[in-house]
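[1] 3D model of this:
(chains A and B)
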Amino acid sequence: EVRLVQSGAELKKPGESLKISCKGFGYSFRHYWIGWVRQTPGKGLEWMGVIYPDDSKTIYGPSFQGLVTISADNSVRTAYLQWSSLKASDTAIYYCASVRYFDWLPPDYWGQGSLVTVSS
Amino acid sequence: EIVLTQSPGTLSLSPGERATLSCRGSQSVNITYVAWYQQKPGQAPRLLIYGASSRATGIPDRFSGSGSGTDFTLTISRLEPEDFAVYYCQQYGNSSWTFGQGTKVEFK
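    Numbers count the residues shown, from 1 in each chain, chains lettered A, B, ... in the order given. Have a look, this model is predicted:
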């Protein structure tokens, strides 16, 4: 069974750093793209970027380039999304999602979501 | 960047009725790369349709997708109680993902 299991909810202060995770089970982790999607009440679903764990090729969405870092560690079958300095506007639910062929298919497996709250 | 606009924002219907949801692109979209998702409160999006009209694994045949160019449609032929949720269209391919803002299907 394919599963993506994300790290738990986080409460952080503005300016703090954060790294959330997404662990894959039941498939060839290094050969599937993993994407990150932000969900907020105001802006809906927004694509942040994707990574191909086998060679760490990463593509960022235009609104998130330079604002976050996506990485992956094949040894623990885990992808990461990190911020160096959080803002209140980063408050959202973050989903990871996997897809075999990024340019040909939509993501078909999704993690359960990680709630990030940034508040002073 | 393609912008996807969904309409209506909210659809108020009763079980057994037909639901027709629209997704319009700001420019022509390759139909190979249009998907629809269902999302219920507290859950991740669930893939329903890909390639504009192909049902994902395990999706009932009351869900169907159609369209081409800039206009795409998700139809639920007869609403079941579990179908009341928010639906999103998505464009993939072109090394990017773009989502519509969603249509909520609610009980009338």
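
[2] Show me which residues of chain B are close to chain A?
    B:1, B:32-33, B:35, B:44-47, B:50, B:56-57, B:88, B:90, B:92-102 (Cβ under 8 Å from any Cβ of the partner chain). Bear in mind the C-beta positions are built from the backbone N, C-alpha and C, glycine included.

[3] Make a PyMOL selection of the buried ones in those.
    Provided next is the PyMOL selection string for whichever of those are buried by 16 or more other Cβ atoms under 10 Å in any protein chain shown:
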select buried, chain B and resi 33+35+44+45+46+47+50+56+88+90+92+93+96+97+98+99+100+101+102
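
[4] Do stretch A:85-97 and chain B come into contact?
    Yes - under the criterion of Cβ under 8 Å from any Cβ, chain B is reached by stretch A:85-97 at A:Tyr95, A:Ala97.

[5] Return the distance of that stretch from the chain's centre.
    Remark: stretch A:85-97 is offset 9 Å from the chain centroid, using Cα atoms, centre = their mean, to the nearest Å.

[6] Return it as CSV; C-alpha atoms alone will do.
    Provided in CSV are the C-alpha atoms of stretch A:85-97 (Å, rounded to 0.1, in the frame of the first residue of the first chain):
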residue,chain,number,x,y,z
SER,A,85,12.7,32.6,8.4
LEU,A,86,9.0,32.1,8.8
LYS,A,87,6.4,34.8,8.4
ALA,A,88,2.8,34.9,9.7
SER,A,89,1.7,34.5,6.1
ASP,A,90,3.3,31.0,6.0
THR,A,91,0.4,29.8,8.3
ALA,A,92,-1.2,27.0,6.3
ILE,A,93,-1.7,23.3,5.8
TYR,A,94,1.1,21.8,3.7
TYR,A,95,0.6,18.6,1.7
CYS,A,96,3.1,16.4,0.0
ALA,A,97,2.0,14.4,-3.0
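
[7] Can you pull up the most central residue in the chain?
    You didn't pick a chain, so chain A it is. In chain A, the residue lying closest to the centroid (Cα atoms, centre = their mean) is A:Trp36, at 3.3 Å.

[8] that's the wrong chain, I wanted chain B
    Nearest to the mean C-alpha position of chain B, counting by Cα atoms, centre = their mean, stands B:Trp36 at 3.7 Å.

[9] Return the subset of the residues of chain B next to chain A lying in strands.
    Using DSSP state E, the subset of those located in strands is B:Ala35, B:Arg46, B:Leu47, B:Tyr50, B:Tyr88, B:Gln90, B:Thr98, B:Phe99.

[10] Just list the residues touching residue 95, thanks.
    Picked chain A for this. A:Gln6, A:Trp36, A:Val37, A:Arg38, A:Gln39, A:Trp110, A:Gly111, A:Gly113, A:Ser114, B:Ala44, B:Pro45 (Cβ atoms under 8 Å, 6 or more residues apart in numbering or on different chains).

[11] that's the wrong chain, I wanted chain B
    A:Ile59, A:Phe102, A:Asp103.

[12] So which of those is surrounded by the most neighbours?
    Neighbour tally across the contacts of B:Ser95 (other Cβ atoms under 10 Å in any protein chain shown): the maximum, 22 neighbours, falls on A:Phe102.
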